[in-house]
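A.B. asks: I would like the atomic coordinates for the input below:
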Amino acid sequence: MMRKEFIYLNNELTSRNEIIRKMSEDVFTYGMIIDVDTYVNAVLKREEEIPTTVGFNVSIPHGKSEAVTEPFITFMRTMTPFVWDEKSGDKAQLIFMIGVPIEQKDKLHLKILAQISRNLMDENFRNNLLEAESTDEAYRLLKRIEENIYAEEMGNL
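C.D. replies: A predicted model of the protein is given here:
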């Protein structure tokens, strides 16, 4: 779900649409989605309905799409916060994009959102992400989210 290849630190992009496209193209390269445009359109449709900013300069873009074949979480930290949603003026600097196959959309999708949100409530976690100096360091922090999701799954068996 979480891969080092899906972690982008100090990225200079400052456009929501460019970021969503960049992350989607990379996920496509690894076969986790089968069509970039279909997935990007689903994410942008979701953004138009309700922006995915959650405070703390964080956004969690996602969308329901048949294009997703394997669950994934991507993470980007931009150089500076930028306006994510033009209507509200909400900003983002820490971006978590998630994708879940349509048949797992309800259960797994909610677990991922809950775990990301739970971790983001921790100021130390947010600061550690903002200060991470390497992809490896960020990966270790983010891997905790995935481990908690799987631990929760095992507890429900």
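A.B. asks: drop to CA atoms for contacts and neighbour counts, all remaining ones
C.D. replies: Will do.
A.B. asks: Output the longest strand belonging to the protein.
C.D. replies: Longest strand of the chain, by residue count under DSSP state E: strand 72-83.
A.B. asks: outside of the next helix-or-strand element following that one, which residues touch it?
C.D. replies: Downstream of strand 72-83, the first helix or strand assigned by DSSP states H and E is strand 91-99. With C-alpha atoms under 8 Å, 6 or more residues apart in numbering as the test, strand 91-99 has contacts from 20, 23, 53, 56-64, 68, 70-85, 109, 112, 130.
A.B. asks: next one: stretch 56-73
C.D. replies: Outside of stretch 56-73, the residues within contact range by C-alpha under 8 Å, 6+ apart are 1-3, 6, 20, 27, 31-36, 38-39, 42-47, 52-54, 81, 84, 90-102, 105.
A.B. asks: Kindly recompute the last result at 6 Å.
C.D. replies: Contacts to stretch 56-73, defined as C-alpha atoms under 6 Å, 6 or more residues apart in numbering, come from residues 1-2, 32-35, 39, 42-43, 46, 52-53, 91-102.
A.B. asks: Could you tell me the end-to-end distance of it?
C.D. replies: Terminal residues of stretch 56-73 are spaced 19 Å apart (C-alpha to C-alpha, to the nearest Å).
A.B. asks: what does stretch 50-61 give?
C.D. replies: Taking C-alpha to C-alpha, stretch 50-61 runs 10 Å from one end to the other.
A.B. asks: can you give me how far the worst-scoring helix or strand of the chain on mean pLDDT is from the chain middle?
C.D. replies: Least confident helix or strand of the chain, by mean pLDDT, DSSP states H and E, is helix 135-155 with a mean of 86. Distance of helix 135-155 from the chain centroid (C-alpha atoms, centre = their mean, to the nearest Å) equals 13 Å.
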